[in-house]
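S.K.: Take this sequence and fold it.
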Amino acid sequence: MSHRNGNLLAFVACASMMGYALYAQHVLGLMPCPLCVFQRMSLVALSIVFLVAVAHNPVAWGRRVYALLMLLTAGTGISVAGRHVWLQNLPADEVPSCGPGYDYIMETFPLADALGVIFSGSGECAEIQWLFLGLSLPAWVLINFTLIGGFGVIWNWSQSRS
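M.R.: Residues are numbered from 1 along each chain as shown. A predicted model of the protein is given here:
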């Protein structure tokens, strides 16, 4: 498989994940919590990096630059999804109380304070609304960020030697 096709495959995987997130929101009625919104932002950023890598089709060290960008964006998504999974697995008495919605937080608070409020999590982030094979949606997002991001980093780093 060519370097370009590997990145295209990873882009399609990211686009499929985003497509399912939108399906879950608009068809299944699962409204995203603030942490879900940040996971989506990380997913879009990762997909853009893959798409630009497809269009640019760099050689040698340029592929390593893309590998590092993929590591950064996938790592961000892994961190946010990991925090989300952690909140979902807290004992009921340790779950933070529900807070304001994402839009209200971003419009009302300065950015640094808004990020602090969002990443502290809230009761709505700890609620599990969807399960597949015993795992919540954020757990699947965590797994997919790890697999797709890991693939992108390994694929582009190892391809830089060719």
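S.K.: which helices and strands does the longest helix seen in the chain pack with?
M.R.: The longest helix of the chain (DSSP state H) is helix 61-88. In terms of contacts (3 or more C-beta pairs under 8 Å, 6 or more residues apart in numbering; DSSP states H and E), helix 61-88 is packed against helix 34-56, helix 123-126, helix 137-159. All C-beta spots, glycine's among them, are computed from the backbone N, C-alpha and C.
S.K.: Run the angle between that helix and helix 137-159 for me.
M.R.: Following axes from the mean of the first three to the mean of the last three C-alpha atoms, to 10 degrees, one obtains 160 degrees for the angle between helix 61-88 and helix 137-159.
S.K.: hmm, back to that, quick one, which of the helices and strands packed on helix 61-88 gets closest to Glu107.
M.R.: Closest approach to Glu107 among the helices and strands packed on helix 61-88 (C-beta to C-beta): helix 34-56, 12.8 Å.
S.K.: May I see the buried residues of that closest one?
M.R.: By neighbour count on 16 or more other C-beta atoms under 10 Å, the buried set for helix 34-56 is 34-40, 42-43, 45-47, 49-51, 53-54.
S.K.: pLDDT on it, on average?
M.R.: What helix 34-56 shows for mean pLDDT is 92.
S.K.: what angle do it and helix 61-88 make?
M.R.: 170 degrees.
S.K.: so where's this protein shaky on pLDDT?
M.R.: For the chain, residues meeting the criterion pLDDT under 70 lie at 94-106, 114-125, 159-162.
S.K.: if you set the cut-off to 80 instead, what comes out?
M.R.: Applying pLDDT under 80 to the chain picks out residues 1, 34, 90-128, 159-162.
S.K.: what's stretch 44-62 in contact with?
M.R.: 3-4, 7-8, 10-11, 14-15, 18, 63, 65-66, 69-70, 73-74, 76-77, 145, 148-149, 152, 156, 160 (C-beta atoms under 8 Å, 6 or more residues apart in numbering).
S.K.: just the buried members of those?
M.R.: Here, 16+ other C-beta under 10 Å leaves 3, 7-8, 10-11, 14, 63, 66, 69-70, 73-74, 76-77, 145, 148-149, 152, 156, 160 buried among the contacts of stretch 44-62.
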